[in-house]
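Trainee: Kindly generate the corresponding structure for this input.
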Amino acid sequence: MCRMFAGQDPDRYALETRRMRLNGQSTSIRLEKSFWRIIDEIAASEGITTPAFVSKLHSEVLMLHGEPQNFTSLLRCTCLVYLENCPTLLAAE
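Mentor: Numbers count the residues shown, from 1 in each chain. Predicted coordinates for the structure are as follows:
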């Protein structure tokens, strides 16, 4: 069973840092490439750029819950929620 997980391409979990603006402030966000791929897909499905999606998400979280303690964790969980609600995507992986 673990071979499926351990045998994956290391590039999938390599970290990638992207610089973008969140509500007008320049910042860097560091996530695994697999998460960036999903975030890029979410943004494209919304018809906006990835920085615009991430900034919009940050703004909405601020309004609902205040400043998130760990925004990168929120982004990872956003990917999970997206995958959980798109079962055809999980089957294609």
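
Trainee: Check which helices and strands the longest helix belonging to the chain sits against.
Mentor: The helix spanning the most residues in the chain, taking DSSP state H as the definition, is helix 50-65. Where contact means 3 or more C-beta pairs under 8 Å, 6 or more residues apart in numbering; DSSP states H and E, helix 50-65 is packed against strand 15-22, helix 33-46, helix 71-84. To be clear about C-beta, it is placed using only N, CA and C from the backbone, and glycine gets the same treatment.

Trainee: Make TSV from the ones you listed and add distance to M4 and mean neighbour count to it.
Mentor: Formatted as TSV, the helices and strands packed on helix 50-65 follow (distance: least, C-beta to C-beta, whole Å; neighbours: other C-beta atoms under 10 Å):
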stretch	distance to M4	mean neighbour count
strand 15-22	22	13
helix 33-46	15	16
helix 71-84	17	14
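
Trainee: Export the ones you listed to JSON lines and append columns for distance to C2 and mean pLDDT.
Mentor: Output for these, formatted as JSON lines (distance: least, C-beta to C-beta, whole Å; pLDDT from 0 to 100):
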{"stretch": "strand 15-22", "distance to C2": "22", "mean pLDDT": "94"}
{"stretch": "helix 33-46", "distance to C2": "18", "mean pLDDT": "95"}
{"stretch": "helix 71-84", "distance to C2": "21", "mean pLDDT": "96"}
